[in-house]
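Engineer: quick one: sequence and predicted model below, then my questions.
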Amino acid sequence: MNTYAAICAVAGAAATVMIAIPASAQMYPAKPVRVIVSSTPGGSVDAMGRLMAQKLTTAFGQSFVVENRSGSGGVVGTEVVAKAPADGYTLLMAYHSHVINPALYPKLPFDTLKAFAPITQVAVQPQLFNVHPSLPARNVKEFIALAKARPGQLLYGSAGSGSGGHLATEIFCSMAGIKMTHVPYKGASPALIDTIAGNTQLMVASLISSLPHVRSGRLRAMGVTSAKRSDVLPDTPAIAETVPGYETVVSYFLLAPAGTPDEIIARLHAEAARALREPDVVERLARDGAEPIGNTPQEASRYILSEIDKWGKAVRASGARAD
């Protein structure tokens, strides 16, 4: 082979390699990226989505724009992403409803495991067992004793049948060997208001929504749902200190449509994981009792699978149905 032929052969091979990598992946992102948040503005998942969008905008030099698509416990927004082009320009900030819904809804308009490519598990956050201050039980042990003495008489509120708070309470009841009566509401706010009013005795809610009422004395924090105590409330025990093995946390995930090029997933993961290690992000999440994760797409996929199994068992045991 002469020199000219050799040069042509090398150039041809290089061109083949370049063709093998999609042009969209080489220049990504060339336009703004939508980050679909499957909830209304102002909640914890919305705050998480906006934080990640801000950091990814800085990292890539291209706008990552949050778009709220709430409805049906996160199904509406999730479907938007499941059916979006797999080009990296539509992402999903999902939360624990993502791993609850497969068991809660008889038929979803997407396959939770097959329709998405995990980028990373963004963070985990415990919830808080809130009780009305008038309740005579001062701790988890006394609460369990009270519930056993009054089977079915204590009322607990939730954001609705199959919500994270509902299922977290049902898991607690099962593990503690007690029975309470569930009062579902159309959302977390009215449920929390009724616990503050004393119409229900307990509600499991996010730290973000609970803390102002705990600090004002309108609610009493009985325990956190994480395996260990939260730095935000160091004097509040973990439920697991009384009920060994109890742990229910809210998880947040950054996902893309299945089929998104591996190169784009890898770039998004690298920047998201880097952002989650930045001191200002760690501090911001810590204020809300959240812990940054930033694991690999493969690790996030395995975690999602385990959470679907865990919450699915709770849904079936509780008999919960989507409202």
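Structural biologist: Ah, there it is.
Engineer: which stretches in the protein count as strands?
Structural biologist: Assigned by DSSP state E, the chain shows strands spanning 33-37, 64-68, 90-94, 116-131, 155-158, 181-184, 202-206, 220-224, 249-257, 291-292.
Engineer: CA atoms of the fourth one as PDB?
Structural biologist: Coordinates of the C-alpha atoms in strand 116-131 are reproduced here as PDB (Å, rounded to 0.1, in the frame of the first residue of the first chain):
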ATOM      1  CA  PHE A 116     -36.100   5.000  31.300                       C
ATOM      2  CA  ALA A 117     -32.400   5.200  31.400                       C
ATOM      3  CA  PRO A 118     -31.200   6.200  34.900                       C
ATOM      4  CA  ILE A 119     -28.600   8.900  35.100                       C
ATOM      5  CA  THR A 120     -28.200   9.000  38.900                       C
ATOM      6  CA  GLN A 121     -29.900   8.800  42.200                       C
ATOM      7  CA  VAL A 122     -29.800  12.400  43.300                       C
ATOM      8  CA  ALA A 123     -30.500  12.200  47.000                       C
ATOM      9  CA  VAL A 124     -32.400  10.600  49.800                       C
ATOM     10  CA  GLN A 125     -34.500  12.300  52.400                       C
ATOM     11  CA  PRO A 126     -36.200  11.000  55.600                       C
ATOM     12  CA  GLN A 127     -39.700  11.800  56.500                       C
ATOM     13  CA  LEU A 128     -41.000  12.800  59.900                       C
ATOM     14  CA  PHE A 129     -43.600  11.200  62.200                       C
ATOM     15  CA  ASN A 130     -45.600  14.200  63.400                       C
ATOM     16  CA  VAL A 131     -48.100  13.900  66.200                       C
END
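Engineer: name every strand pairing with that strand and say which way it goes.
Structural biologist: For strand 116-131, the paired strands and their directions (DSSP bridges) read strand 202-206 (antiparallel), strand 220-224 (antiparallel), strand 249-257 (antiparallel), strand 291-292 (antiparallel).
Engineer: how close does residue 55 sit to residue 284?
Structural biologist: Distance check for residue 55 against residue 284: by Cβ to Cβ, to the nearest Å, it reads 10 Å. To be clear about C-beta, it is placed using only N, CA and C from the backbone, and glycine gets the same treatment.
Engineer: so which of these two has more stuff around it?
Structural biologist: Neighbour totals were compared for residue 55 and residue 284, and residue 55 leads with 19 against 15 (other Cβ atoms under 10 Å).
Engineer: contacting residues for the residue lying closest to the more buried one once chain neighbours are set aside?
Structural biologist: Residue nearest to residue 55 in three dimensions, not counting chain neighbours: residue 275, with 3.7 Å by Cβ to Cβ, 6 or more residues apart in numbering. Residue 275 sits next to 52, 55, 56, 59, 281 when contact means Cβ atoms under 8 Å, 6 or more residues apart in numbering.
Engineer: residues near residue 197, how many?
Structural biologist: 10.
Engineer: also residue 61?
Structural biologist: Neighbourhood size, residue 61 [other Cβ under 10 Å]: 7.
Engineer: ok, it to residue 32 distance?
Structural biologist: For residue 61, the distance to residue 32 - Cβ to Cβ - is 11 Å.
Engineer: so what's the residue nearest the centre of the chain up against?
Structural biologist: Central residue of the chain (Cα atoms, centre = their mean): residue 95, 2.5 Å from the mean position. Neighbouring residues of residue 95 by Cβ under 8 Å, 6+ apart: 38, 39, 44, 45, 48, 74, 250, 251, 252, 253.
Engineer: need the worst-confidence member of these.
Structural biologist: Confidence by pLDDT is poorest for residue 44 among the contacts of residue 95, given 81.
Engineer: is it in contact with residue 210, as I believe?
Structural biologist: No. The criterion here is Cβ atoms under 8 Å, and residue 44 misses it with residue 210 at 11.2 Å.
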